[in-house]
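Peer 1: what follows is a predicted protein model with its sequence.
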There are 2 protein chains.
Amino acid sequence: MYRIALDVMGGDDAPRAPIEGALAAMDEAAAGLEILLVGDPAAIASVLPDPPPSGFRVVPASETIAMDEPPALAVRRKRDSSIVVGLELQRDEEADAFISAGSTGAVMAASLLILKRLPGVDRPAIGAVFPTADSPTLVLDSGANMNVRPVHLRQFAHLGSIYISDLMGIDKPRVGLLNVGIEEAKGDELAVAAFELLRSDEALNFVGNIEGHQIIDGACDVLVCGGFVGNVLLKFYESIAGFVVQLLHGDEHRNQSDADLERVFRVLDYAEYGGAPLLGVDGVSIVCHGASSPRAIENAIGVAVRSLESGLIGDMARDLAGLHADGAEA
Amino acid sequence: MYRIALDVMGGDDAPRAPIEGALAAMDEAAAGLEILLVGDPAAIASVLPDPPPSGFRVVPASETIAMDEPPALAVRRKRDSSIVVGLELQRDEEADAFISAGSTGAVMAASLLILKRLPGVDRPAIGAVFPTADSPTLVLDSGANMNVRPVHLRQFAHLGSIYISDLMGIDKPRVGLLNVGIEEAKGDELAVAAFELLRSDEALNFVGNIEGHQIIDGACDVLVCGGFVGNVLLKFYESIAGFVVQLLHGDEHRNQSDADLERVFRVLDYAEYGGAPLLGVDGVSIVCHGASSPRAIENAIGVAVRSLESGLIGDMARDLAGLHADGAEA
């Protein structure tokens, strides 16, 4: 039995999109899934069928953290917010995973505070799935850490490798270092130092530097970088897909059934991949885009279930514990 | 009379693409353009009509710097390379501008060495033109400087503003700071400190932080950032356009005359914008993509001519000289 706590108050179209996504996930799920809908009971009742379908439980939370609130402060003050309550369910072993399309900063801050970090992890990172021409690439950090050191990139490489291995069944995932050239001396101080750390780590399948234009080829399974550049890249990528589609639609030229367009949509639609996991905390915490559709939420629930089935957190804990000694320098 | 020195040995399709681009530019030019073709005379003779059309002059250079040579070393050793010879023409006042589709690193290193920096400029930057939904955005630095400080971003803001003002006729160009959020406290240490410097600079039209997804909207005319993230973003953008077109073509679905496709091509084709100027050196030096078509070279020649017509370098020298005193801190 997997118990998923879902923040139904987060996202542009809450509570409708989260609840509809949860209903769809339950329809598709094998037996053994329970979804805890966390939020305002009245708002939930306006969307959830009455009586609720089997497998659903409502967990009241009287507060909501807005997208523009200072995350750390909001998490400390709003103890009855859907994000805090949802994560506390996991801490108290009443749930196994948490999903929210609310404030990314608040989910991060609350996850750190409530779930805590895994031993050996200095900085949990957001892993964003980038669709590519080949299999998708997990880019981390995509925005949790603005100022990172080389040892953090090494930890990201381990976290990402285990995630991709467990969730996608890829043995020895290829790890790349985002950089401005393929030669090892390239890059800023962070990249130059990280290259050496990654190359000398025999537990990793490090394939070297990856330049901006190689990402879309699917040149690696896990791409490590600082949270600043990762976040800029992620948001830029998301906007490009929409922009191209907009250019193509071009009003009068629009042709919904166009097979070519469908293909672009399918490849560039990151909603297909569910949310972005916060990797390195002691639990499953998944952040979804604020604009998540029911389908994106449904996929995020699928990601949470696969994380639990694969024993992701235990695998990470075992792997990262061994890194701590030499990872604690710098 | 504007005299443009063109490195005909640089680029994937040299010397054909540079020379054909030069021929096209000469066809289109008003009177008063001279193009100095710098490179191996025999290679030039294999492409250039005999006798050469009016306005062309061949300047022999016996060496070529390859794309994978260490730039600084190659520039010091290959004194008779097309890049060094071409830039020396400008230093010796035999040419007014230099264009190359060769090694970006070598053009940068040689430009710094031969043309020198403008007073008040600590770090010249590469300005790359990003096509957007609105007017194009100049992103700098796009790869010249890996480790930058806040004062450098301020210098980039000035250099970019003058470039956009002179070449595109935009009065008071909007300057944005690439960042992960719009609030002023967002970002890494560089961005947080640069925000304050940019905001307090009354000579700039600073519009605040620009997130990754706002770039494509054309949210600013000049976007400043460190060379690491700028380079990653530029290469990623270039690859996306090709990727989408490839997805769309999709073999059997290909339809060359499709008006929608044409529109995507037109918007995303950075070749339309000619090369990327190296801003902050005491002269006109333009780097073109290695894969530059004749059309891209032709447009780069147009950019060089407009730089000269507008008095770009003099305008930059005047503006930046005043910054040096407080720009020399940090």
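Peer 2: All right, it came through fine. Computed from a predicted model, the values in this text were never measured in an experiment.

Peer 1: from what I can see A:K235 touches B:H213, true?
Peer 2: Yes: using C-beta atoms under 8 Å, A:K235 is in contact with B:H213, at 4.1 Å. Every C-beta, even on glycine, is put in place using the N, C-alpha and C of the backbone.

Peer 1: and the residue nearest the centre of chain A?
Peer 2: A:A276 (1.2 Å; C-alpha atoms, centre = their mean).

Peer 1: report the contact partners of that one.
Peer 2: A:I126, A:G127, A:A128, A:V129, A:S142, A:I286, A:V287, A:C288 (C-beta atoms under 8 Å, 6 or more residues apart in numbering or on different chains).

Peer 1: same question, A:A72
Peer 2: A:A72 makes contacts with A:G105, A:A109, as judged by C-beta under 8 Å, 6+ apart.

Peer 1: show me which residues of the helix or strand harbouring it are buried.
Peer 2: Taking DSSP states H and E as the definition, A:A72 sits inside helix A:71-77. For helix A:71-77, a neighbour-count test (16 or more other C-beta atoms under 10 Å in any protein chain shown) marks A:P71, A:A74, A:V75 as buried.

Peer 1: just put those residues in JSON lines and tack on distance to A:S82 and pLDDT.
Peer 2: As requested, these are exported to JSON lines (distance: C-beta to C-beta, whole Å; pLDDT from 0 to 100):
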{"residue": "A:P71", "distance to A:S82": "14", "pLDDT": "92"}
{"residue": "A:A74", "distance to A:S82": "12", "pLDDT": "96"}
{"residue": "A:V75", "distance to A:S82": "12", "pLDDT": "96"}
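
Peer 1: out of those, who's nearest B:A133?
Peer 2: Closest approach to B:A133 among those (C-beta to C-beta): A:P71, at 30.7 Å.

Peer 1: shouldn't the closest one be in contact with A:L112?
Peer 2: No: using C-beta under 8 Å, A:P71 is not in contact with A:L112, being 10.2 Å away.

Peer 1: which neighbours do these two share?
Peer 2: Common contacts of A:P71 and A:L112, defined by C-beta under 8 Å, 6+ apart, are absent altogether.

Peer 1: just the contacts of A:A276: which are in strands?
Peer 2: Applying DSSP state E to these, the entries found in strands are A:I126, A:A128, A:V129, A:I286, A:V287.

Peer 1: in JSON lines, list those residues along with distance to B:E88, pLDDT and neighbour count.
Peer 2: As requested, these are exported to JSON lines (distance: C-beta to C-beta, whole Å; pLDDT from 0 to 100; neighbours: other C-beta atoms under 10 Å in any protein chain shown):
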{"residue": "A:I126", "distance to B:E88": "50", "pLDDT": "96", "neighbour count": "28"}
{"residue": "A:A128", "distance to B:E88": "47", "pLDDT": "94", "neighbour count": "28"}
{"residue": "A:V129", "distance to B:E88": "50", "pLDDT": "92", "neighbour count": "24"}
{"residue": "A:I286", "distance to B:E88": "59", "pLDDT": "97", "neighbour count": "26"}
{"residue": "A:V287", "distance to B:E88": "55", "pLDDT": "95", "neighbour count": "31"}
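
Peer 1: tabulate those residues (CSV), appending distance to chain B.
Peer 2: Listed next are those as CSV, based on distance: C-beta to the nearest C-beta, whole Å:
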residue, distance to chain B
A:I126, 11
A:A128, 11
A:V129, 16
A:I286, 20
A:V287, 14
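
Peer 1: what's the closest of those residues to B:A317?
Peer 2: Out of those, the member with the shortest distance to B:A317 (by C-beta to C-beta) is A:A128, at 43.4 Å.

Peer 1: what sits closest to the closest one if chain neighbours are left out?
Peer 2: A:S142 (3.8 Å; C-beta to C-beta, 6 or more residues apart in numbering or on different chains).

Peer 1: wait, isn't that neighbour in contact with A:F130?
Peer 2: No: using C-beta under 8 Å, A:S142 is not in contact with A:F130, being 9.1 Å away.

Peer 1: alright, that wraps it up for me.
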